[in-house]
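Q: Generate coordinates for the sequence data below:
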Amino acid sequence: MTGSLSVIGFGISAVGSAIGVALIFSAWISSTARQPETAGLTRPMMFVGAALAEALALFGLLLAFINA
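A: Numbering: from 1, shown residues only. Next up, the predicted model:
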């Protein structure tokens, strides 16, 4: 088998990040649909959660480049 195993690790971290972001956005959509008046309060929390979930994928990419 040729290639680097760090690519597999990055793929797993990207899939995990995508699932996390999807769960965050779906929870925000359902909470906003139930109580529309709280959308302004929960929107910044949604973006912070999405940024933290995406940071994990960026760390995976960084480690893939370091180990390559």
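
Q: Tell me where the chain has helices.
A: For the chain, the helices defined by DSSP state H occupy 6-34, 39-67.

Q: need these in CSV with mean pLDDT and mean neighbour count, can you?
A: Every residue, glycine included, has its C-beta placed from N, CA and C. Output for these, formatted as CSV (pLDDT from 0 to 100; neighbours: other C-beta atoms under 10 Å):
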stretch, mean pLDDT, mean neighbour count
helix 6-34, 90, 14
helix 39-67, 88, 14
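
Q: So residue 7 is in contact with residue 65, correct?
A: No. Applying C-beta atoms under 8 Å as the test, residue 7 and residue 65 come out as separate, 10.5 Å apart.

Q: Stretch 32-41 spans what distance, first to last residue?
A: Terminal residues of stretch 32-41 are spaced 10 Å apart (C-alpha to C-alpha, to the nearest Å).

Q: Let me see the residues that make contact with that stretch.
A: 31, 42 (C-beta atoms under 8 Å, 6 or more residues apart in numbering).
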